[in-house]
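J.: Predicted model and sequence below, questions to follow.
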Amino acid sequence: MILVVFAHPYPDRSSANRVLLGGLEGVHGVEVRSLYDLYPDFNIDAAAERWALERASVVVWQHPIYWYSMPALLKLWFEKVLTFGWAWGPGGDALRGKRCLWAVTTGGDENDYQPDGLHGHVFGAFAPVMEQTARFCGMEWVEPVVVHEARQLDSDGLAAWAAAYRARLVELSRWEPLLDA
């Protein structure tokens, strides 16, 4: 099973994320947990989230970039769900061997994410927090899906990204979880 943990505080305003999620409809074994729909009061049911994670072989964190990071509810989700003794530390091997894909949208274009661009760094400079979180929990980090200029893409551009995202998840669904020998 592929678990998509989706976090967008204003999903009705994000045509890019709606189209990306829509492209996953009908893909066997994909479950989407829309955090802002499930927990508008930020009262996360950690047990339910852990149960969903335990059933997954691939975990996707999908969200827009917010202030060079993730939306607040996803950060809280990390704090409440990925706990000591469950996701990391002694006995914390619930996520070990699962693959982790970061699917992220940005408002800026690739040129904005250059040393001389608007954000002063290549986009990869903003990935270490996500990557290290996955690795710290024993997950295998896979190459992210990064959709730049999400607000400016026309319907054909969005459809192309949705098809690529769908294909990526279908590809990941065919992989077996990695287990320590």
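T.: Looks like it came in fine.
J.: For the longest helix seen in the chain, the averaged confidence score.
T.: Longest helix in the chain by number of residues (criterion: DSSP state H): helix 155-173. Model confidence over helix 155-173 averages 94 on the pLDDT scale.
J.: Could you look up the SS state of the spatially most central residue of the chain?
T.: The C-alpha lying nearest the average C-alpha coordinate of the chain belongs to residue 61 (C-alpha atoms, centre = their mean; 1.3 Å). Classification of residue 61 into helix, strand or coil gives strand, according to DSSP: H, G, I helix; E, B strand; the rest coil.
J.: who touches the longest helix of the chain?
T.: 2, 15-16, 19-20, 22-24, 27-30, 57-58, 60, 99, 101, 103, 142, 145, 147, 153 (C-beta atoms under 8 Å, 6 or more residues apart in numbering). Placement of C-beta: from N, CA and C, glycine included.
J.: ok, now with 10 Å
T.: Where contact means C-beta atoms under 10 Å, 6 or more residues apart in numbering, the residues beyond helix 155-173 that reach it are 1-2, 4, 15-30, 57-58, 60, 62, 99-101, 103, 105, 142-150, 153-154.
J.: PyMOL command to pick out the buried ones of these?
T.: In PyMOL, the members of those classed as buried (16 or more other C-beta atoms under 10 Å) are selected with the following command:
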select buried, resi 2+4+16+17+19+20+21+23+24+30+57+58+60+62+99+100+101+103+105+142+144+145+146+147+148+149+150+153
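J.: Residue ranges in the protein under the pLDDT threshold?
T.: Applying pLDDT under 70 to the chain flags the ranges 175-181.
J.: quick one on the thing from earlier: name the residues of the longest helix of the chain that are buried.
T.: Within helix 155-173, the residues that qualify as buried by neighbour count (16+ other C-beta under 10 Å) are 158, 161, 162, 165, 166, 168, 169, 172, 173.
J.: could you measure the fifth one against residue 27, distance?
T.: According to C-beta to C-beta, to the nearest Å, residue 166 stands 6 Å off from residue 27.
J.: Can you lay out the buried residues of helix 155-173 as TSV showing distance to residue 111?
T.: Formatted as TSV, the entries for the buried residues of helix 155-173 read as follows, by distance: C-beta to C-beta, whole Å:
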residue	distance to residue 111
158	20
161	18
162	23
165	23
166	27
168	24
169	28
172	29
173	34
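J.: which of those lies closest to residue 38?
T.: Relative to residue 38, the closest of those is residue 169; by C-beta to C-beta it sits at 20.5 Å.
J.: Can you tell me the closest non-neighbouring residue to residue 117?
T.: Nearest-residue entry for residue 117: residue 111, 5.3 Å, with adjacent residues in sequence omitted and distances by C-beta to C-beta, 6 or more residues apart in numbering.
J.: any idea how far residue 164 is from the spatially closest residue to residue 50 that is not a sequence neighbour?
T.: Sequence neighbours aside, residue 81 is the residue nearest to residue 50 in space, at 6.0 Å (criterion: C-beta to C-beta, 6+ apart). Computed with C-beta to C-beta, the distance linking residue 81 and residue 164 is 28 Å.
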